[in-house]
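Q: the following comprises the amino acid sequence and a computationally predicted model.
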Amino acid sequence: MQPDTNNAHGAFSATGEAFVDFCETIAALRAPGGCPWDREQTHASIASNMIEEAAEAVDAIERDDVRHMREELGDVLLQVVLQAQIAADNGEFTIDDVIADIQSKMVRRHPHVFGVETSLAAAGFLPREVEEATTPGRVLDMWEHIKAHERKLEQDAARKEALAQGLDPDAPRPLLDDVPRSLPALQQAQKISKKAVNAGFEWDSVEDVWAKVDEEVGEFLEAEPGSAHAAEEFGDVLFTLVNVARKEHIDAEAALRTVCTKFRRRWAIMEQHAYEDDKQRIDTLPRTRLESLWDQAKEELRKDQQ
């Protein structure tokens, strides 16, 4: 049974003219006689822009700022189309290839919506199991199962290619290569630790992880303050705390972002009172007054949440 998409087209023009126009604009900027800056860009030279624009989009989403969300999603789209255009100019792939790949993946990984494909039989799925994927949890389980099957197919293809090139087909691919190094450090730590756990490298209990935290804190305190060694030991503390979060089923990145948001709110209230009550900028006030404003802001937010 195919899904009803009659109400889905409101998110985009029926013909996709706006998207085509945008792609043509980017192509013109990269073409001879186009923009000198755009023409000299490479995949690597603008890679960090993708991270920055995605972060700004997430910020707008978390602030429920719809106007800026629209703008920031456009900036993310710019990075996608520009990278695809650079690839097209290099003879690597096109934006059509990008769309075709993700379209195929979404259909393939949603058999409960688009129907069971032959490839799913090899993944161990029966039509009944697909039909029972009626909850988000069951759907995620099926997604991961299909993803694992696709990865196995890729590994089999890589093995055949290695054999054809006279290489050792059984040489293991580094387990952590799937974790992007460009991810924020907390997200990297979460994914790395999960990979290690899946390979059997795990503490027996959360109490054992806390004991490791105490050990790492001790090593940090013994290091020379401000030294590279101290920085490394502090990183060990953070990494181990991420494993505490994993054991407690807490998203460390989301938890820290929540705390940052809470701090921003309190600080904004402090600045407001510094200006209205003290007639001063907050950075001119003594520490005792700052602590008083902090407690005041904390209490105001607590009352607002009641």
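A: Cool, the structure landed. Because the structure is a prediction, the values reported are computed rather than measured.
Q: okay, and for this structure, where does confidence drop off?
A: 1-15, 116-126 (pLDDT under 70).
Q: where is the longest helix in it?
A: Longest helix in the chain by number of residues, with DSSP state H as the criterion: helix 136-164.
Q: can you list the buried residues in it?
A: Burial within helix 136-164, assessed by neighbour count using 16 or more other C-beta atoms under 10 Å, is assigned to Met142, His145, Ile146, His149. The C-beta positions use only the backbone N, C-alpha and C, and glycine is treated the same way.
Q: repeat that for stretch 16-33.
A: For stretch 16-33, burial by neighbour count (16+ other C-beta under 10 Å) applies to Phe22, Cys23, Ile26, Ala27, Leu29, Arg30.
Q: just stretch 84-95 next, same as before
A: Ala84, Gln85, Ile86, Ala87, Ala88, Ile95.
Q: surely the fourth one meets His43?
A: Read that as Ala87. Yes: with the criterion set as C-beta atoms under 8 Å, Ala87 and His43 qualify as a contacting pair; they are 7.3 Å apart.
Q: on that earlier part again, can I get the buried residues of stretch 16-33 in CSV with secondary structure and distance to Glu132?
A: Below are the buried residues of stretch 16-33 laid out as CSV (DSSP: H, G, I helix; E, B strand; the rest coil; distance: C-beta to C-beta, whole Å):
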residue, secondary structure, distance to Glu132
Phe22, helix, 41
Cys23, helix, 41
Ile26, helix, 44
Ala27, helix, 46
Leu29, helix, 49
Arg30, helix, 48
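Q: what's the next secondary structure element after the strand or helix carrying Glu207?
A: Secondary-structure assignment from DSSP states H and E places Glu207 in helix 206-222. Secondary structure here is assigned by DSSP H and E; on that basis, the next helix or strand after helix 206-222 toward the C-terminus is helix 228-247.
Q: Leu29 against Asp38, yeah?
A: Yes: judged on C-beta under 8 Å, Leu29 makes contact with Asp38 at a distance of 4.1 Å.
Q: check which helix or strand covers Ile99.
A: For Ile99, the element it lies in under DSSP H and E is helix 95-108.
Q: could you export that helix as CSV, CA atoms only?
A: The C-alpha coordinates for helix 95-108 follow below in CSV (Å, rounded to 0.1, in the frame of the first residue of the first chain):
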residue,chain,number,x,y,z
ILE,A,95,23.1,17.0,-7.5
ASP,A,96,20.8,14.5,-9.3
ASP,A,97,23.0,11.7,-8.1
VAL,A,98,22.8,13.0,-4.6
ILE,A,99,19.0,13.1,-4.7
ALA,A,100,18.7,9.7,-6.4
ASP,A,101,20.9,8.1,-3.7
ILE,A,102,19.0,9.5,-0.7
GLN,A,103,15.6,8.8,-2.5
SER,A,104,16.6,5.2,-3.0
LYS,A,105,17.8,4.9,0.6
MET,A,106,14.6,6.4,2.1
VAL,A,107,12.4,4.0,0.1
ARG,A,108,14.6,1.0,0.8
